[in-house]
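Enquirer: coordinates for the following, if possible.
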Amino acid sequence: MGLSPCLPPGSGRKRLVVSPVVSRHGAPVRGSGVGGRLPSTLVAATGIVVAVVAVASLAGQAVRGNRTVGVQRDARTVHDAALDDAFYHCIEVQARSLVSPGQPVLLTDDLSDLITLLKGVGSWVTIANPPSTAVARLMLRDNLTGGGACLGTVVVARYTHPGAGRAVRIGTGASVPGHGPPPAPPL
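Expert: Next up, the predicted model:
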């Protein structure tokens, strides 16, 4: 049984359009169950309810946004963000003291240190493909004390073809005093 846009009443076929049933002359057939007007008070009440819900939702989101901005401007959050920036800048400077942009390298470490290393050098480092073309393997060494470390972490390069130089070097040029990873950002 197919759909048809214009059918006479009682033809036994389904109608496609949602409109009142009309006679052959175009006049609506009474008692078809479709059509009619809604009372104006019902329309007005529905409009008021929709408007109140919309205004309440917007006000709630404004309060939530204000709290978010307040947390981001908190002195502790600003300090933690500055420490985070200093840590990753330190990692970048140390890595640049070991390899230059454009030199192919491998990043080898456990997953958490690999992610930390990528956050520090991922914007400029060239990953060796195939791995045999790498000039060095970069990795992090954690839990160090003393100067020259980025919150207790240093970048280490293990050169694949050391030539006349040293086979392993530790990055230099920046340090961030302290110990441990930078604090996690607020959610």
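
Enquirer: what about the nearest residue to residue 139 once chain neighbours are set aside, how many residues nearby?
Expert: Nearest residue to residue 139, sequence neighbours excluded (CB to CB, 6 or more residues apart in numbering): residue 109, at 4.5 Å. Glycine gets a C-beta too; all of them are placed from N, C-alpha and C. Number of residues near residue 109 (other CB atoms under 10 Å) recorded here: 18.

Enquirer: for residue 109, which three-state class applies?
Expert: Following DSSP: H, G, I helix; E, B strand; the rest coil, residue 109 is assigned to coil.

Enquirer: doesn't residue 137 make contact with it?
Expert: No - Residue 109 is not in contact with residue 137 according to CB atoms under 8 Å; the separation is 9.2 Å.

Enquirer: next up, the contacts around the residue nearest to residue 139.
Expert: Residue 109 is in contact with 117, 139, 140, counting by CB atoms under 8 Å, 6 or more residues apart in numbering.

Enquirer: inside helices: which ones of the residues you listed?
Expert: Among the contacts of residue 109, the members falling in helices (DSSP state H) are residue 117.

Enquirer: how is this structure carved up into domains?
Expert: For the chain, automatic domain parsing gives the domain ranges 1-29, 37-73, 76-170.

Enquirer: deepest-packed of the ones you listed, please.
Expert: Ranked by mean neighbour count, those are led by domain 76-170 with a mean of 16 (mean count of other CB atoms under 10 Å).

Enquirer: so where does residue 71 fall, helix or strand?
Expert: Assigning secondary structure by DSSP states H and E places residue 71 in helix 40-73.
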